[in-house]
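> Any chance you could fold what I've pasted below:
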Amino acid sequence: MRDMTQIRYVYFDLDDTLLDHTHAERTALRSMVAELPEVFGASFETVMEHYRAINPVVWRKYSLGEYSKEQAKVGRFEQLLTHCNPEALSKAHDLAQMYLDVYALHWKAIDGAIEAFLETAATWPVGILTNGFSEVQRAKLKQFSEIEEASHTVVISEDVGHLKPSRILFDHAANKAGVDPAHILYVGDSHSSDVEGGIGAGWKVAWFSEKESDHPDVWSFTRWNDFTERIQAIRS
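Numbers count the residues shown, from 1 in each chain. Below you'll find the predicted structure:
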């Protein structure tokens, strides 16, 4: 990556970067299938496979304004039941709310992530830039209060009306930070949302991934200890 000493602000993604969304999602669905096998009408593995295919498409339609928030919440379960048990379609609304309730029981931080976040906050102003439903993301920040307390800004896609990788959302976040985009580092796990969105907005990106990027403004890391070591080296 080109000169990291020019960083003046660091934004972090929330889901699957600081917090283990994948764990909470998977655990919630497993619990629901175990409790309501007659509603889902399929094994957990089948339900999970369909859900992971459906959910990104639903979020894309929501980001494009093709789905309302309610349609996004309930629509993914309508589609899931269409695949697994069409006779239970009337249960989609109940499942949508149940999922959010059970999902919230399984939030946890990724190992080393919060420590790295706070280490970064000791050097630069930091913020959160995340996709998601506002009330869900704010509940996560309330539960992990150390993240919220250390953050100078919190930008949630629903509040802005645009989802990552929208340039509008990244420009809004840069304006909130009051820093030129070239001096912002974004830390995230998704190539399409975080890497492409950040680079498209003129930011630098630290990609939480086992993959590598050949872009000069992107560097990859697989362990938060590695990220912290690099931050400490820049600071010194």
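> what's the longest helix in this protein?
The helix spanning the most residues in the chain, taking DSSP state H as the definition, is helix 44-63.
> which residues touch residue 10?
For residue 10, the residues meeting the contact criterion (Cβ atoms under 8 Å, 6 or more residues apart in numbering) are 120, 124, 125, 126, 127, 184, 185, 186, 187. Where C-beta positions appear, they are placed from N, C-alpha and C, glycine not excepted.
> for these, which one is nearest residue 196?
Nearest to residue 196 among the contacts of residue 10, counting by Cβ to Cβ, is residue 186 at 10.9 Å.
> so the closest one touches residue 9, yeah?
No - Residue 186 is not in contact with residue 9 according to Cβ atoms under 8 Å; the separation is 9.6 Å.
> In terms of neighbours, single out the busier of the two.
Taking residue 186 and residue 9 together and counting by other Cβ atoms under 10 Å, residue 186 has the greater number of neighbours (28 against 23).
> Excluding covalently adjacent residues, which one is nearest to that one?
What sits nearest to residue 186 in space, not counting adjacent residues and going by Cβ to Cβ, 6 or more residues apart in numbering, is residue 198, at 4.0 Å.
> Which helix or which strand is home to that neighbour?
Under the criterion DSSP states H and E, the helix or strand holding residue 198 is helix 196-200.
> In CSV, could you pull the C-alpha coordinates for that helix?
Below are the C-alpha coordinates for helix 196-200, written out as CSV (Å, rounded to 0.1, in the frame of the first residue of the first chain):
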residue,chain,number,x,y,z
GLU,A,196,-14.5,-1.8,-4.3
GLY,A,197,-16.5,0.8,-2.4
GLY,A,198,-13.6,2.2,-0.6
ILE,A,199,-11.3,2.3,-3.6
GLY,A,200,-14.1,3.8,-5.7
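> buried residues in it?
When neighbours are counted by 16 or more other Cβ atoms under 10 Å, the buried residues of helix 196-200 are found to be 196, 197, 198, 199.
> Could you do stretch 8-23 as well?
Under the neighbour-count rule (16+ other Cβ under 10 Å), stretch 8-23 has 9-21 buried.
> Please report the number of neighbouring residues for residue 101.
As a burial measure, the neighbour count of residue 101 was computed by other Cβ under 10 Å and equals 11.
> For the protein, which segments are assigned as helices?
With DSSP H as the definition, the chain shows helices at residue ranges 21-35, 37-40, 44-63, 69-84, 92-103, 113-121, 134-143, 145-150, 157-160, 167-177, 196-200, 224-235.
> now residue 183, nearest residue through space, not along the chain?
residue 8 (3.9 Å).
> Repeat that for residue 194.
With sequence-adjacent residues excluded and distances taken as Cβ to Cβ, 6+ apart, residue 194 is closest to residue 188, at 2.8 Å.
> residues touching that neighbour, list them.
Contacts were defined as Cβ under 8 Å, 6+ apart; by that measure residue 188 touches 12, 13, 17, 194, 195, 198, 205, 206, 207, 208.
> coming back round to it: out of the contacts of residue 10, which comes closest to residue 35?
Comparing the contacts of residue 10 against residue 35 with Cβ to Cβ picks out residue 187 as the nearest, at 36.0 Å.
> Just the pLDDT for that closest one.
Among the per-residue scores, residue 187 shows a pLDDT of 98.
> Equivalent analysis for residue 161, please.
89.
> do the one 3 residues further on as well
Residue 164 carries a pLDDT value of 94.
> got it, and residue 233?
Predicted confidence (pLDDT) for residue 233: 83.
> And it, how far from residue 123?
Separation of residue 233 from residue 123 (Cβ to Cβ, to the nearest Å): 11 Å.
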